[in-house]
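> sequence plus the predicted model coming up.
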Amino acid sequence: MDTLASKILSGNSLSVILKPDPKAQTDFPEMVESFDLQHIVISGDNVLGKTSNTHAINPRFSKYDRTFGTAYAYNNYADIVLNSSHTEGICRFSHTGRYSDIRFETREDYEIIWNSHENDDVAAVEKAILAGCKLKIGLLDNKGIWNIHPVHMPSFYTNRNFLELFTDQDAMPLIMRKPAEVMELEKDLKINFKKAVRETSGQVNRIWQIMPYLNDPTFFSTFYTVRSDGTFLRGAIVAVEEEPETYKELRIYASKIGKY
């Protein structure tokens, strides 16, 4: 049977479907929520998916600020939800006990069109770029972590068999790349969450206000410049001075809708 990780690595997109528990979320009607998890890290069978940094609700519940954004992250190995903002340098976490049902769904909407282990010819990717297909990458780094990210600007050098793909600019708390540390956070969280529900009568905004924060979290940039020659750059700004790193494997995926 295909694992969640193997489905994602074959090109499937990932969403999380959430049904808040009315006993733990008393100030909202019965409802179902969904998030598109575009930024994914995979270690073995451990999968963590994060939304883009576009959620508009300020975690400190101040007034709406269009320059402010947060992201939510869900995983398949610990009962914990992480909410972060790299622009504000914060990360807080809560227990999945606020949901009566939480499940991952994958969609077969992308396919692998190039694998660095199998083919030096990038003609298929050039064809997809010319057709205006959406692209994303799966990059296996030297720590053995798969990094799945959407591409916002794909490019190729004419008649040179050379690609350069730029992923969406984003960042995630470094802990999201470390399943053991995420599981460590979860240990006392269930008890604390039940206590928070009691103290706040299940009012979501009040619950989040008393949920714990990481102290001075380190953020990991997920802005990559990926090249078909086996190298990539990663950073907030792409500069000549940056030293290229090498990847173990690169997979390029193209959207099946409007197939070229």
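Looks like it came in fine. Residues are numbered from 1 along each chain as shown.
> so where's the stretch 51-200 of the chain uncertain?
Scanning the stretch 51-200 of the chain for pLDDT under 70 picks out 56-67, 196-198, 200.
> again, 90 this time
Residues of the stretch 51-200 of the chain meeting the criterion pLDDT under 90: 54-70, 87-88, 92-95, 97-99, 119-120, 185-200.
> just the strands in it please.
Taking DSSP state E, counting those that start in this stretch as the test, the strands found in the stretch 51-200 of the chain are 71-75, 80-85, 90-95, 99-107, 110-115, 135-140, 146-157, 162-167, 171-173.
> quick one: contacts for Gly49?
For Gly49, the contact set (CB atoms under 8 Å, 6 or more residues apart in numbering) comprises Leu14, Val16, Leu37, Gln38, His39, Ile40, Ala73, Tyr74, Asn75, Phe104. Every residue, glycine included, has its C-beta placed from N, CA and C.
> closest to Pro244 among those?
Distance to Pro244, by CB to CB, is smallest for His39 among those, at 21.8 Å.
> for Glu184, which of the strands of the stretch 51-200 of the chain is the nearest?
Among the strands of the stretch 51-200 of the chain, the nearest to Glu184 by CB to CB is strand 80-85 (10.1 Å).
> that older thread, could you export the strands of the stretch 51-200 of the chain as CSV, including mean neighbour count and distance to Val182?
As requested, these are arranged in CSV below (neighbours: other CB atoms under 10 Å; distance: least, CB to CB, whole Å):
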stretch, mean neighbour count, distance to Val182
strand 71-75, 24, 7
strand 80-85, 23, 6
strand 90-95, 22, 9
strand 99-107, 15, 15
strand 110-115, 18, 26
strand 135-140, 22, 20
strand 146-157, 19, 16
strand 162-167, 20, 23
strand 171-173, 24, 10
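> and of these, who's closest to Tyr253?
Among the strands of the stretch 51-200 of the chain, the nearest to Tyr253 by CB to CB is strand 110-115 (4.1 Å).
> and the closest one, how far out from the chain middle?
19 Å (CA atoms, centre = their mean, to the nearest Å).
> what's the answer for stretch 166-185, then?
When distances are taken as CA atoms, centre = their mean, stretch 166-185 is centred 8 Å away from the chain's centroid.
> now Asn119: how far from Ala131?
Applying CB to CB, to the nearest Å, the value for Asn119 to Ala131 is 19 Å.
> same deal with Glu30?
Taking CB to CB as the measure, Glu30 falls 43 Å from Ala131.
> do the same with Leu174
37 Å.
> coming back round to it: between the contacts of Gly49, which is nearest Thr3?
Phe104 (11.1 Å).
> that closest one contacts Leu18, doesn't it?
No. Counting by CB atoms under 8 Å, Phe104 does not reach Leu18; the two are 10.5 Å apart.
> apart from its chain neighbours, what residue comes closest to Gly44?
Nearest non-adjacent residue to Gly44, counting by CB to CB, 6 or more residues apart in numbering: Ala5, 7.3 Å away.
> now swap in Leu82 and tell me
The shortest distance from Leu82 to any non-neighbouring residue, by CB to CB, 6+ apart, is to Ala73 (4.3 Å).
> and Leu250, by the same measure?
Ser116 (4.2 Å).
> ok, that neighbour - contacts?
Here Ser116 is in contact with Ser228, Gly230, Tyr247, Glu249, Leu250, Arg251 (CB under 8 Å, 6+ apart).
> pick out the most distant pair among those residues.
Greatest spatial distance among the contacts of Ser116 (CB to CB): Gly230 and Arg251, at 13.3 Å.
> of the two, who's got more company?
Between Gly230 and Arg251, counted using other CB atoms under 10 Å, the more crowded position is Arg251 (21 against 14).
> let me see the backbone angles for that one.
The phi and psi values for Arg251, taken as degrees, to the nearest 10, are phi -120, psi 140.
> tell me the contacts of the residue nearest to it when sequence neighbours are not counted?
Excluding the flanking residues, the one nearest Arg251 by CB to CB, 6+ apart is Gly138, at 3.9 Å. Going by CB under 8 Å, 6+ apart, Gly138 touches Ile8, Leu9, Trp146, Asn147, Ile148, Glu249, Leu250, Arg251, Ile252, Tyr253.
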